[in-house]
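J.: below is the sequence, then the predicted model.
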Amino acid sequence: MKAIADNLQAVRERIGRAAKAARRDAGAVALLAVSKTHPAASIAEAHDAGQQAFGENYVQEAVEKMAALPELEWHLIGPLQSNKTKLVAERFQWVHTIDREKIARRLSEQRPDGLAPLNVLIQVNASGEGTKSGVAFADLPALGRIVAALPHLRLRGLMAIPEPGAPRERYAEVARAYEALKRELPVDTLSMGMSDDLEVAIEEGATMVRIGTAIFGQRRKERSAA
């Protein structure tokens, strides 16, 4: 338990230093602990150390963990298949990977009336490569307006995954897209940055970083399906 608690503290200190370097308030940067492939026991240890929000890639794996730890805040950060939208709409608090209207509409239609709107982020394709997930920058404004109008969703902002070793300009481009969206819609979240690049992400404006390895260590072998 001490190792995970120590790792969390070290990550929080990194966030603080990066925020200070960017002349930002460290409290304006949320930490999402990426717990995919790690057991519920490790997540419980992180929770005991003060972490509340956890990110998962695989829907079924996450639902199994929710049964053991229902009080936590759960974020889906992996690709979402159409046949999994109902389960996600019913069980998660956040979805980071909206990249098309069809998925957004299904989530809104399937979100139970008794629950608060589902917090969602639009994933942008930071690299512009056709093989990468995410919406193109040029298509972002239109999709943002559609998602923001759906009744059971709350559009919170953008998510991006710059490729390993990406130049700083890649992060800055995502940040500019976020600021442009923010001028049109009431968004407040830019999810960008992981264990290896959280500093540059924060310096370029990220308000949420997704950290897995630096907290939990190397991932176990990943499952093949979401």
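T.: Right, received. Where do you want to start?
J.: quick one: the helices in this structure, in order.
T.: Taking DSSP state H, the helices of the chain run over residues 2-21, 40-48, 59-68, 85-91, 101-110, 140-149, 168-184, 198-203, 213-216.
J.: just the mean pLDDT for the first one, thanks.
T.: Put plainly, it is helix 2-21. What helix 2-21 shows for mean pLDDT is 96.
J.: got it, and the fifth one?
T.: Regarding helix 101-110, the rounded mean pLDDT is 98.
J.: now do it against helix 140-149, angle only.
T.: Note on geometry: by axes from the mean of the first three to the mean of the last three CA atoms, to 10 degrees, helix 101-110 and helix 140-149 are set 10 degrees apart in direction.
J.: show the pLDDT at residue 127.
T.: For residue 127, the pLDDT comes out at 82.
J.: let me see the contact set for the nearest residue to it once chain neighbours are set aside.
T.: Once flanking residues are discounted, residue 127 sits nearest to residue 163: 5.1 Å by CB to CB, 6 or more residues apart in numbering. The C-beta positions use only the backbone N, C-alpha and C, and glycine is treated the same way. The contact partners of residue 163, by CB atoms under 8 Å, 6 or more residues apart in numbering, come to 126, 127, 129, 132, 170.
J.: now do the same contact list for the last one.
T.: To tie it back to what came earlier, the one meant is residue 170. Shown in contact with residue 170 (CB under 8 Å, 6+ apart): 126, 127, 162, 163.
J.: which of those residues are buried, as a PyMOL select command?
T.: A single PyMOL command suffices to select whichever of these are buried according to 16 or more other CB atoms under 10 Å:
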select buried, resi 126+162
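J.: can you tell me which of the contacts of residue 170 is nearest residue 174?
T.: Top of the list for closeness to residue 174, among these and by CB to CB, is residue 126 at 5.4 Å.
J.: and the gap between the closest one and residue 204?
T.: Taking CB to CB, to the nearest Å as the measure, residue 126 and residue 204 are separated by 11 Å.
J.: swap in residue 161?
T.: From residue 161 across to residue 204, the span is 14 Å (CB to CB).
J.: quick one on the thing from earlier: quick one: the residue nearest to residue 127 from residue 157, how far?
T.: 21 Å.
J.: what's the answer for residue 67, then?
T.: Remark: distance between residue 67 and residue 157 (CB to CB) = 30 Å.
J.: more neighbours: these two, which one.
T.: Comparing residue 67 with residue 157 by other CB atoms under 10 Å, the one with more neighbours is residue 157, at 23 against 8.
J.: who's in contact with that one?
T.: Neighbour list for residue 157: 121, 122, 178, 181, 182, 187, 188, 189, 190, 191, 207 [criterion: CB under 8 Å, 6+ apart].
J.: one more pass at 7 Å, please.
T.: Going by CB atoms under 7 Å, 6 or more residues apart in numbering, residue 157 touches 121, 178, 187, 188, 189, 190.
J.: give me the phi and psi angles of the fourth one.
T.: Meaning residue 188. Phi and psi for residue 188, reported as degrees, to the nearest 10, are phi -140, psi 10.
J.: repeat that for the third one.
T.: The phi and psi values for residue 187, taken as degrees, to the nearest 10, are phi -100, psi 160.
J.: count of neighbours near it?
T.: 21.
J.: can you check the last one too?
T.: Using other CB under 10 Å, the number of residues around residue 190 comes to 28.
J.: that concludes my questions; thank you for your assistance.
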